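Peer 1: From the sequence below, what's the structure:
(chains A and B)
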Amino acid sequence: MKTGTKVLLVDDEVEFVRTLAERLQIRGIQALVATDGTEALQVVEEEMPQIVVLDVMMPGLGGLEVLHRLTENHPEIKVILLTGHGSTKEGIQGMHLGAFDYLMKPVRIEELIKKMGEAYEAPVNPSQNR
Amino acid sequence: MPDSANNDLSTNKKSEERTSPARYQRLRRNITILTLLVTLVPLSFIAMFNYYVYQGALKNEIVTPLKAMVNKTKHSFELFLAERISAISFIASAYAFEELAEQFTLNRIFQVMKKEFGGFIDLGLIDSSGKQVSYAGPYRLEGKEYAGQPWFQEVQVRGTYISDVFMGYRKFPHFVIAVQHIDPSGQAWILRVTIDTKKFNELIASMGLDASTDAYILNREGTFQTSSKYYGSVLEKCPNCATPISYEPTVVETVDAQGNQILFTYTDFDSAPFRLVVVSRRSEILRSWISFKSETFFVFVASVILICIVVFKLTGLLVRRIEESDQKRELAYHEVEYTSKLASIGRLAAGVAHEINNPLAIINEKAGLMKDLMSMDTAALDMKRFQALTDSVLNSVERCRAITHRLLGFARRMDVTIESIDLNDVLREVLSFLEKEALHRNLVLTLELEEGLPSILSDRGQLQQVFLNILNNAFDAVKDGGQVAMKSWECDPDHVEVSIRDNGVGMSEETFRHVFEPFFSTKKGYGTGLGLSITYGIVKKLGGEIKVESKLGEGTLFRVILPKRSQQEGK
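Peer 2: Residues are numbered from 1 along each chain as shown, chains lettered A, B, ... in the order given. Alright, predicted model coming up:
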């Protein structure tokens, strides 16, 4: 994955999202942070990240709603979903909505970076199996 | 709604009663009594009815011919006597006294009478002073004086006389007929004949009676005029023959001196001091009746025994079947309850996993960062930074621990234990499991818990399950951003009430009717359809009540009313 790739991390757990951003920075990935859905959409408009890592369960504007708007307005942005829920139901629902993939919390950073790499390499607007 | 709730409520109560052995005994007893009643009463009624109708018919059939026969025979007797009297009257009228006084003429007349009528033993002419003027017969009785004898007085008064049967000089049973004749000149004389009673026996024999039936003639004093088969011979006194005089054939049921049951049929003669009696042995004459009686009795007893056996067997079988199916149902219900418990635990586990995964993710990142920092440059190591990171890790661990403790506290209370409970506490605890979901879905939770709500005696674990189930339903019913309101208050001195209102989809009438039925679910695919039915069962078991109000599209209100002192506590 090229350095200088811009990644937006969205999660309502501030401690989690800030620390994860710092670790990605250490690895040379430019990581932006948003702590709710509205802020995330705002940051996307301002910074145009290539990849968004999105928590599904958030108060206010939920992860799936954010995903929905992103795929509508910015189909070129790859979205990786993060979920803490035991079931894979929401992950699958997200995939249907156009997410690139979904990962379960807690996730190993190497795995996350690898997935981000795959997302970056993947062709824009992959077949959306709707 | 309360209708369907009450229905469910009562069936639940029933199911508890159903399991007690006393209930099956009662059921068995009731069914047995009822079945026996509806079978034996009509049977007895028919048997009795049959008995009396047949008895009546049969008696008529026996008594009527008996009377007819007695009447006919009486007429034969009277005819016989009347013939003799008119024959004698004829002779008395046809001949003058002087002719009759002549021995030769009298003999000739006597021979003709013997030939034409039979039964005559002798014939005598007696003048008005009572002296026998002439006599025809086997004895030498001319000149015999009858003046002082009662019959002589009577014949002078009444014109004719028929005597009782007696032995007299002749030493065999006979009787006397005397006729007085008064000729136009005023001269009176009496013709006296003696008649053998052989003719009586012939008349009785002509009745054609069967071997067991007895017939005889009695005089007014109850002395035998003919021999009886059973009760004595001629001129003996008849035992217990005292019956009122009747000129019509009369049947009396009585017991004779030997203790036999008899039908005593008799009639008195109009023209003679005699009575005809026919005695039939009841056992003989009523043989067909007695056999009918015993057959009926046998059939009746056999039917009763058969019915009793069948009823007892069938009832036993029926009740055993009911008992078995009740047990199966009970077992199935327990299984279902268990499954539901597992299902609600599963749901809980999924929620808890989510809540634990978040702090775990933080720990993961914090520890990862520390590792990153350490592997980079020792110069960059900043103790304060590390301290902040470890604090953050510890905080997250604390978060996890709080969750696991809460979960353990929940799981531990799966067994039924009655304790003093602050209901508000339970409500808050249950809600704490769902707060995250509420937060994520922007649900507005309103809590209106009465301060100082009296504590109740109940089972904490079961109450948790009840409210978790209702709240889960409320959460499922509302859209994101919906409202769920929970309220608790003391509704009367003995009860507290908790209401949970949502502004969700509400229930259709169809759903409303089945809301507490097991396996009824609107959550296609992921509901067991057991939640509310189990909830109902639990509330009932705790001695409470659950009520629902709902309107399609407007929301649902669940009201749980709990007694301050649980019913189970008393047991």
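Peer 1: Quick one: name the residues of chain A near chain B.
Peer 2: Contact residues, chain A versus chain B (Cβ under 8 Å from any Cβ of the partner chain): A:13, A:15-16, A:19-20, A:22-23, A:26, A:57-60, A:62, A:84-87, A:104-109. C-beta here means a position set from N, CA and C on the backbone, and glycine is covered the same way.
Peer 1: Buried only: go through those for me.
Peer 2: Neighbour-count burial (16 or more other Cβ atoms under 10 Å in any protein chain shown) applied to the residues of chain A next to chain B gives A:13, A:15-16, A:19-20, A:22-23, A:26, A:57-58, A:62, A:84-86, A:104-107, A:109.
Peer 1: Report pLDDT for the closest residue to chain A within the stretch 51-200 of chain B.
Peer 2: Residue nearest to chain A within the stretch 51-200 of chain B (Cβ to the nearest Cβ): B:Tyr51, separated by 82.4 Å. As predicted, B:Tyr51 sits at a pLDDT of 85.
Peer 1: re the thing from before, show me the buried ones among the residues of chain A next to chain B that map onto helices.
Peer 2: If you go by DSSP state H, those have A:15-16, A:19-20, A:22-23, A:26, A:109 in helices.
Peer 1: for the residues you listed, which one is nearest B:Val234?
Peer 2: A:Phe16 (141.1 Å; Cβ to Cβ).
Peer 1: Secondary structure element for the residue lying closest to the closest one once chain neighbours are set aside, which one?
Peer 2: Spatial nearest neighbour of A:Phe16, chain neighbours left out: B:Ile362 (4.6 Å); criterion: Cβ to Cβ, 6 or more residues apart in numbering or on different chains. For B:Ile362, the enclosing helix or strand under DSSP states H and E is helix B:287-376.
Peer 1: Direction-wise, compare that helix with helix A:14-26 and give the angle.
Peer 2: Relative orientation of helix B:287-376 versus helix A:14-26 (axes from the mean of the first three to the mean of the last three Cα atoms, to 10 degrees): 50 degrees.
Peer 1: need the next SSE after helix B:287-376, C-terminal direction.
Peer 2: Later in the chain than helix B:287-376, the nearest helix or strand by DSSP H and E is helix B:383-412.
Peer 1: and the angle from that following helix to helix A:14-26?
Peer 2: Using the same axes, to 10 degrees: helix B:383-412 against helix A:14-26 is 130 degrees.
Peer 1: can you pull the pLDDT of the spatially closest residue to B:Asp270 that is not a sequence neighbour?
Peer 2: Once flanking residues are discounted, B:Asp270 sits nearest to B:Tyr247: 5.8 Å by Cβ to Cβ, 6+ apart. Here the pLDDT value assigned to B:Tyr247 is 86.
Peer 1: what are the ranges of the strands in chain A?
Peer 2: Counting by DSSP state E, one finds strands in chain A at the ranges A:6-10, A:30-34, A:51-55, A:78-83, A:101-104.
Peer 1: Quick check: which of the ones you listed is buried the most?
Peer 2: strand A:51-55 (a mean of 26; mean count of other Cβ atoms under 10 Å in any protein chain shown).
Peer 1: helices or strands next to that one in the packing?
Peer 2: Using 3 or more Cβ pairs under 8 Å, 6 or more residues apart in numbering or on different chains; DSSP states H and E, the elements in contact with strand A:51-55 are strand A:6-10, helix A:37-47, helix A:63-73, strand A:78-83, helix A:109-121.
Peer 1: hmm, 6 Å instead?
Peer 2: Under the contact definition 3 or more Cβ pairs under 6 Å, 6 or more residues apart in numbering or on different chains; DSSP states H and E, strand A:51-55 sits against strand A:6-10, strand A:78-83.
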